[in-house]
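# structure, please.
(one chain, ligands or ions: 1)
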Amino acid sequence: MAFEGLADRLQSTIKKITGKGKVSEQDVKEMTREVRLALLEADVNFKVVKNLINRIKERAVGQEVMESLTPGQQVIKVVQDELTALMGGEQSKIAVADRPPTVIMMTGLQGAGKTTTTGKLANHLRKKHNRSPLLVACDVYRPAAVNQLETLGEQLNMPVFSMGTKANPVEIATKAIEQAKAEHNDYVIIDTAGRLHVDNELMEELEEIKSSVKPDEIFLVVDAMTGQDAVNVAESFNEQLDLSGVILTKLDGDTRGGAALSIKAVTDKPIKFAGMGEKLDQLEAFHPERMASRILG
Ligand code: GDP
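Sure, this is the predicted structure:
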């Protein structure tokens with residue numbers, strides 16, 4: 001399971017302080033030292049850790065905590081609050097355009113889970129929000145990607161707009177939106193091309209699609225298992241495309257959690273959804289508070 005190591009370490013650190021009737025500055029110091037090590041070991045970005053620990057320290061040795069009846073529990077609450085804030089605080093909702101269709105652009109590196117997540121997101125929108133999405137195959141470089149999306153559409157019984165692999169992605173996206181208007185699809189989810197690494201050609205293409213379709217959401221799909229790499233990828237995509245949110249996949253795997261805990265702080269963009277498995281119903285809205293509770297036990 002994701003976060004296992006981090007959760008074990010934080011929970012044992014917390015146990016030492018929870019029941020204390022009195023908490024000294026030294027106790028807080030020791031606790032934050034252990035929290036710091038646990039976070040670094042979980043591959044959380046070191047700057048993010050530094051800021052977080054400073055905030056925890058500042059609040060935990062404050063009067064309100066120290067003079068409360070249950071200082072141990074208050075200190076833990078500070079850690080919980082700060083972890084929640086780190087992951088974005090409030091849950092972040094998906095956009096709805098004033099005039100349909102709402103256009104969502106899915107971006108990401110190859111293998112991150114972009115195409116699968118396109119299908120999962122469409123399924124989520126239909127199930128939870130009663131929407132009728134149109135899926136759009138703009139990854140024209142890999143014929144398999146177009147087929148993959150078409151297969152997902154069949155499985156979900158949802159329309160897929162594709163023009164094969166010869167057409168230009170901007171043209172495909174534009175035509176898809178026209179079709180969505182005509183067919184009353186209220187969401188258009190565009191699956192774009194992925195590459196093995198961030199490269200200029202890819203970014204230019206994504207920028208072109210962005211400027212012609214003016215999406216309401218630009219999501220980056222990143223693999224949580226890749227840790228700091230995921231954070232770096234998020235930083236570059238965000239610089240180029242000004243993302244509106246991130247979808248973390250493979251949180252069902254044994255990721256240490258660094259990506260989930262660093263992405264919001266580094267990019268200032270919220271994690272909106274989490275992929276929890278390969279199946280089409282395994283996408284969840286990302287709740288920072290629940291995630292922090294899960295980590296702290
Ligand atoms: P793309 O190249 O980014 O479009 O990636 P794909 O959608 O083809 O996904 C790559 C692999 O990751 C596939 O085997 C998916 O089933 C798998 N995958 C995607 N999301 C998840 C997830 O949340 N959990 C797990 N365990 N596997 C996932």
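
# for the stretch 101-250 of the chain, which segments count as helices?
In the stretch 101-250 of the chain, the helices defined using DSSP state H, counting those that start in this stretch lie at 114-129, 143-156, 169-183, 200-213, 228-241.

# looking at those, which is buried most?
The highest mean neighbour count among the helices of the stretch 101-250 of the chain, using mean count of other CB atoms under 10 Å, belongs to helix 114-129: a mean of 21. For glycine as for every other residue, the C-beta is placed from the backbone atoms N, C-alpha and C.

# say whether the ligand is contacted by it.
Yes - part of helix 114-129 sits near the ligand under the criterion CB under 6 Å from any ligand atom, namely 114-116.

# likewise stretch 232-248?
No - using CB under 6 Å from any ligand atom, stretch 232-248 stays clear of the ligand, coming no nearer than 8.2 Å.

# and that stretch, what's its mean pLDDT?
For stretch 232-248, mean pLDDT is 97.

# okay, the residues of helix 114-129 next to the ligand in CSV with pLDDT next?
Shown next, in CSV, are these (pLDDT from 0 to 100):
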residue, pLDDT
Lys114, 97
Thr115, 97
Thr116, 97
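
# wait, Ala2 sits on Ala224?
Yes - counting by CB atoms under 8 Å, Ala224 is a contact partner of Ala2 at 6.8 Å.

# before we move on, back to that, show me which of the residues of helix 114-129 next to the ligand is closest to Ala259.
Proximity of these to Ala259 (CB to CB) peaks at Lys114, which lies at 15.7 Å.

# how near is that closest one to Gln26?
Counting by CB to CB, to the nearest Å, the separation of Lys114 from Gln26 is 49 Å.

# any weak-confidence spans in the stretch 151-297 of the chain?
In the prediction, the stretch 151-297 of the chain carries no residues with pLDDT under 70.

# contact residues of it facing the ligand?
194, 249-250, 252-253, 275-278.

# buried only: go through those residues for me.
Burial by neighbour count, judged by 16 or more other CB atoms under 10 Å, picks out 194, 249-250, 252, 275-277 from those.

# out of those residues, which one sits closest to Lys16?
Relative to Lys16, the closest of these is Asp252; by CB to CB it sits at 30.3 Å.

# the closest one contacts Gln282, correct?
Yes - look at Asp252 against Gln282 with CB under 8 Å: they come within range, at 7.2 Å.

# now the common contact residues for these two.
275-276 (CB atoms under 8 Å, 6 or more residues apart in numbering).

# who has more neighbours, Ala2 and Ala224?
Taking other CB atoms under 10 Å, Ala2 and Ala224 do not tie; Ala224 has more neighbours (27 against 24).

# quick one: contacts for that one?
Per CB under 8 Å, 6+ apart, neighbours of Ala224: 2, 230, 248-251, 253, 255, 257, 259-260, 274.

# biggest separation within these, which pair?
Largest pairwise distance in the contacts of Ala224, by CB to CB, is 13.9 Å, between Thr249 and Gly257.

# please name the bridge partners of whatever residue of the stretch 151-297 of the chain ends up closest to the ligand.
For the stretch 151-297 of the chain, the residue closest to the ligand is Gly275, as judged by CB to the nearest ligand atom, at 2.5 Å. Judged by DSSP bridges, the bridge partners of Gly275 are Leu283.

# wait, it touches Gly253, no?
No - assessed by CB under 8 Å, Gly275 is found out of contact with Gly253, at 9.7 Å.
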